[in-house]
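Asker: Need coordinates for the below:
(chains A and B)
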There are 2 protein chains.
Amino acid sequence: MKIYKESLDAMLGIVRQYTQQTTDMEIERRVYDIIEHVRTNGDAALREYSEQFDGVKLDDFKVDQSIIDEAWDNLPEDLKHALLVAKKNITEFHSREIEQGFVDMDTPGITRGQKVTPLARVGLYVPGGTAAYPSTIMMTALPAKIAGVKEIVMVTPPQKDGINPAVLGAAKLAGVDAVYQVGGAQGVAALAYGTEQIPKVDKIVGPGNIYVATAKRQVFGQVDIDMIAGPSEIGIIADDSANPVHLAADLLSQAEHDPRARAIMVTNSEKLAQLVSDEVERQLSQLPRESIARPAIENNSYIAVMDSVEDMFTVMNEVAPEHLEIQLPDPMEYMSMVENAGSVFLGRYASEPLGDYVGGTNHVLPTSGTAKFSSPLGVYDFVKRISFTQFSRERLQEVAKDITTLARTEGLEAHARAIEVRFED
Amino acid sequence: MKIYKESLDAMLGIVRQYTQQTTDMEIERRVYDIIEHVRTNGDAALREYSEQFDGVKLDDFKVDQSIIDEAWDNLPEDLKHALLVAKKNITEFHSREIEQGFVDMDTPGITRGQKVTPLARVGLYVPGGTAAYPSTIMMTALPAKIAGVKEIVMVTPPQKDGINPAVLGAAKLAGVDAVYQVGGAQGVAALAYGTEQIPKVDKIVGPGNIYVATAKRQVFGQVDIDMIAGPSEIGIIADDSANPVHLAADLLSQAEHDPRARAIMVTNSEKLAQLVSDEVERQLSQLPRESIARPAIENNSYIAVMDSVEDMFTVMNEVAPEHLEIQLPDPMEYMSMVENAGSVFLGRYASEPLGDYVGGTNHVLPTSGTAKFSSPLGVYDFVKRISFTQFSRERLQEVAKDITTLARTEGLEAHARAIEVRFED
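Answerer: Below is the predicted model of the structure:
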């Protein structure tokens, strides 16, 4: 791995260079055409794309419930056990995220507050092929369920030999109500606008390739979406007390996701930097997904050696990693220094893959530096708030002049009159 | 106003026809070019656009603090009073929205939780000309301030005779740290990418025209944005107990915003429908903004007469109005029937303009049916969450097999090994 030993300012500049993003107008245009076609022609358009992109001819998109039930029943026992443990822990953690509304009645004659209600219908996008992750279904469907969402539907690209049984089994366990075989930008369009067979949803969540991500951005406003996911990344802050074999394994666990994935370590030990770099190389050559992990390590990953703990956190807060491991003694002490990260793993035994599966926290997390402004997927993503206000005649009268002054300053005469007519009789 | 008397199903179909939206690929392309130009050429691009679109030549975009201070000092006393009352009430209400993180330590050997932290820097977009609303600055800056955002910057289109003093005064009162004279898609691009003079922000909020809205959607992911605002709308649910003069005035208070604004009433009284329709016509002809309000009333607005209270709410939940007035006896009783709305105004004296200015609730609200999935702007929009997890060796060992099973099911061998190396020594 590349090792930098730079001043703080120089290192911050290097971090920023690694995180530039860009929009591709050609992909925007192609996705736009796909969405328009689905919006106008519904299921007929979906059938066309299914043949063209997936090589599968379909009349009905919905997967029979019997196939889903059977998939769960026939899963290997160890996988069932793992999914059940995941469900238990995810449910425990996410139940803490349930939000309550409030009522403010401190002032006589004024009642105001906020009501929290679940979204009515949510759509999960689940990638096909080797990127079909049963764990992601648990991470997206369970928080929606806990939020009280009435109906959860899932779309996933059709496969010549049927949808992956682990995906279907996880969908059943997580409480998904219907599974439709349609993928890509057309799957997103179907969820956003609805077709004859596929119901329109209020929010679309879940990861996908660049076409899926672009389609999500384009339909945003028509429906809500979760964050647009980029390649996965891990950041590690470690000192000499950490085990280089563990660190290398953790860095590689993210690198194996995608050639564009990023693995970044910041340390105050040049010795550790060298040990980890060597160990990454050693482990890399033994990985089945070496061809994916190697370009991720060589092109996008690095180790930064900084002088002080403070500088280590300054650099890592600029990275704003999706996953952050703190491998320092008494790691919890450092949580106050973490400003930007999706999910933090503290100490030697909180290896990042724990959080991918059964730790309880969500694994749908802000990537590519977006942890500066966004949060892990949670129960709060599947509710909305409604404000309410009641004022007595007296209370309105007290502020009537303030309202009409502001309304007339803004040139909105009808706003002022709506208040004044209340006091004309 | 057009009065419908239809079956529930027919009426729901009509509601949906009024809420179709669409993307304009030509505008997408022009906005894309503007963003690319600003991103590549920074302030030089902003100067070009300022001359081209606003007819103003500028070297420095930042408004001198002395001009801002002076603007506040010289505001009329009644306007100062109104802004101070607004600030007090908005602060009171929004302080209830502050969120806390949590720690779950129920299981020995496991500590996990969530930390809530404010965004570092937020940008407000404030439209120019007649749509420059000081109240909107209060509604966007104050929740950010309450959330703990360290730096709030504002962009607004340059004006030949300087920025509106009411806008500058409100910015000072609300705690905005810097005001830059740059508008349109280029203003959004400057906030998203930063230029020599304008700092990059983490989130952009505030309303704007179609170019601003399109630019916000395009930079979403690079930065966070609030909801993309459409034209304003009001829904009213009323029965014979309501005063038709009030109802008409309230409908017109939204209609005067925009020819595309929508005013919708649902009632169980044909008599009230007719009275309100006549009264709207009478008041409309006396409004200074009649030329804006009339097309809004004639093209986008309607009254629906339904048989039952239940059907009235079913129709209104399909409308999902930005503002909802419930003008029925004991209006609070009906809050449980409200599923989709931005902000609800209960009873005779909660006229909607109360909420625009001094009621305390936010007036940046989901429009065009997006209340089905989004919320009023609030303190929660200016924070993010960071999850954290610590497991002891024993606790990790208990779930190690579940993790490796899931990882290998998903073909992620390096994930499995990251756990296994912990137990090899």
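Asker: now the helix ranked longest in chain A: mean pLDDT?
Answerer: With DSSP state H setting the assignment, residue counts place helix A:77-95 as the longest helix in chain A. Computed over helix A:77-95, the mean pLDDT rounds to 98.
Asker: next SSE after it?
Answerer: Next helix or strand after helix A:77-95 toward the C-terminus (DSSP states H and E): strand A:102-104.
Asker: What pairs with the helix or strand that comes right after that next one, parallel or antiparallel?
Answerer: Later in the chain than strand A:102-104, the nearest helix or strand by DSSP H and E is strand A:110-118. Sheet pairing for strand A:110-118, assigned by DSSP bridges, gives strand A:102-104 (antiparallel), strand A:383-391 (antiparallel).
Asker: could I get strand A:110-118 in CSV with only the CA atoms?
Answerer: The C-alpha trace of strand A:110-118 is given here as CSV (Å, rounded to 0.1, in the frame of the first residue of the first chain):
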residue,chain,number,x,y,z
ILE,A,110,-51.7,27.5,22.0
THR,A,111,-51.3,23.8,21.2
ARG,A,112,-48.7,22.8,18.7
GLY,A,113,-46.6,19.8,18.1
GLN,A,114,-45.4,17.1,15.7
LYS,A,115,-46.9,13.7,14.8
VAL,A,116,-44.6,11.0,13.5
THR,A,117,-46.1,8.5,11.0
PRO,A,118,-44.6,5.7,9.0
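Asker: Compute the inter-axis angle for it and helix B:77-95.
Answerer: Counting by axes from the mean of the first three to the mean of the last three CA atoms, to 10 degrees, strand A:110-118 lies at 40 degrees to helix B:77-95.
Asker: thinking again about what came up before, which of the strands paired with strand A:110-118 is buried the deepest?
Answerer: strand A:383-391 (a mean of 25; mean count of other CB atoms under 10 Å in any protein chain shown). For every residue, glycine as well, the C-beta is placed using N, CA and C.
Asker: chain center to it, what's the gap?
Answerer: 27 Å (CA atoms, centre = their mean, to the nearest Å).
Asker: Report the next helix or strand after it in sequence order.
Answerer: helix A:393-409.
Asker: Now do that following helix and strand A:110-118, the angle between them.
Answerer: 80 degrees.
Asker: Buried residues, helix A:393-409. List them.
Answerer: For helix A:393-409, a neighbour-count test (16 or more other CB atoms under 10 Å in any protein chain shown) marks A:395-396, A:399-400, A:402-407, A:409 as buried.
Asker: just to revisit the earlier point, and the longest helix of chain A, does that touch chain B?
Answerer: Yes: using CB under 8 Å from any CB of the partner chain, helix A:77-95 reaches chain B at A:78-79, A:81-83, A:85-86, A:92-93.
Asker: Tell me which residues of that helix come out buried.
Answerer: Of the residues in helix A:77-95, those buried (16+ other CB under 10 Å) are A:79-80, A:82-83, A:85-87, A:89-90, A:93-94.
Asker: what does it rub up against?
Answerer: A:72, A:75, A:134-135, A:138-139, A:142-143, A:146, A:166, A:169-170, A:173-174, A:357-362, A:378-379, B:104, B:106, B:112, B:399, B:401-403, B:405-406, B:409 (CB atoms under 8 Å, 6 or more residues apart in numbering or on different chains).
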